[in-house]
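Novice: Model the following, please.
(2 chains)
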Amino acid sequence: MPLIRSLHVPSGRIAAAALAFVVLAGLGAPTDRVQGDVQRIMYVHVPSAWIAYLAFLVTFAASLVVLHARGRRGSGQRADRIAVSSAEIGLLFTGIAIVSGSIWGRATWGVWWDWDPRLTTTAVLFVIYAAYLLLRSAIPDPDRRARLAAVLGLIAFIDVPVVHFSVVWWRGLHQPPTVLQPGHPPIDHPMLAVLLLSVAAFTLVYAALLRDRVRLEAARDEADERLLMEATA
Amino acid sequence: MTDLAFVVATHAIVLGGIAGYAWSLRSRRQTAETLDAEIWRASRGVKPPAAPIDRADAPIRPVALGERR
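Specialist: Now for the predicted structure:
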């Protein structure tokens, strides 16, 4: 993450500052006329879903690099580290989006869960990437693990556009896209500004977490190499 | 539950989730950096190398009368 590295600030502090900003901005945003205060959940729910999309897109791109490098050779090793790191963070934010959406749904729809197309496809997304991480943990050989996970990383991404367009393709409880709607977004400008700033803050948090997660993967690779040498010495 | 309670609960879950994950990254990295060889071998099913036999320490068995060496 060159941006964070150039700031010379620990990533934890950047993440904490960004999250504090999201909370304060969300509380300071105008109150929704119809939903009232509960609409403020949008300032953490929508950015969480956005980060999940972004994280899985990064896993998809890194998986392409791994397959091009035919495993962990050359740039494949770094790409494999990025792929697993981003998938794990994406899974975290998918979970956060589901939980925050469930609380919002209880307050506005009166139910914690509904088999609505958006909710169902998001739950499927969560299960697919949980399976991706389980697959990785089940294969001991690093090179084989990288190649098989890369194939799944490409296939799994198919569900992301399905999740996004589910509110357009099928009828359900979930509202259609607001910000990415073609033409004029039907959202008040101060609310849109807070939402976009929250998305930017969450993106910064994602970058900080990704940097730390990739470092963890590098530390594991180093430990593997060191201990394999000790074991075979 | 009031509207504000829903908002506070959501923010607590989101912030707690992210902070917990960040803490787990630090903890897992420390574990990887100080990983013990024995635990590593056990997790991968690698057998420890056989200890070299020090012939000087080998027990001396008394030889019975008439026994061939």
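Novice: Show me where the chain dips below the pLDDT cut-off.
Specialist: In the absence of a named chain, chain A is used. Across chain A, the ranges flagged by pLDDT under 70 are A:1-11, A:181-185, A:231-233.
Novice: if you could check chain B rather than the one you did, that'd help
Specialist: B:1, B:37-38, B:40-41, B:43-69.
Novice: change it to 80
Specialist: Counting by pLDDT under 80, the ranges of chain B that qualify are B:1, B:35-69.
Novice: In the lengthiest helix in it, which residues are buried?
Specialist: Secondary structure of chain B per DSSP state H: the longest helix is helix B:3-33. In terms of neighbour count (16 or more other C-beta atoms under 10 Å in any protein chain shown), helix B:3-33 has its buried residues at B:3, B:6-7, B:9-11, B:13-15, B:17-18, B:21-22, B:25, B:28-29, B:32. C-betas here are computed from N, CA, C, even on glycine.
Novice: quick one: is it near chain A?
Specialist: Yes. Helix B:3-33 is in contact with chain A by C-beta under 8 Å from any C-beta of the partner chain, via B:3-4, B:6-7, B:9-11, B:13-15, B:17-18, B:21-22, B:25-26, B:28-29, B:32-33.
Novice: Please look at A:Asp80 and A:Ala150 and confirm they touch.
Specialist: Yes. Under the criterion of C-beta atoms under 8 Å, A:Asp80 makes contact with A:Ala150 at 7.4 Å.
Novice: Tell me the residues that contact both of these two, please.
Specialist: A:62, A:66 (C-beta atoms under 8 Å, 6 or more residues apart in numbering or on different chains).
Novice: Show the backbone phi and psi for A:Arg32.
Specialist: For the record, residue A:32 is Asp, not Arg. Main-chain torsions, A:Asp32, degrees, to the nearest 10: phi -70, psi 140.
Novice: Next, work out how far apart it and A:Tyr43 are.
Specialist: In this view, A:Asp32 and A:Tyr43 are 11 Å apart by C-beta to C-beta, to the nearest Å.
Novice: more neighbours, these two?
Specialist: Taking other C-beta atoms under 10 Å in any protein chain shown, A:Asp32 and A:Tyr43 do not tie; A:Tyr43 has more neighbours (27 against 15).
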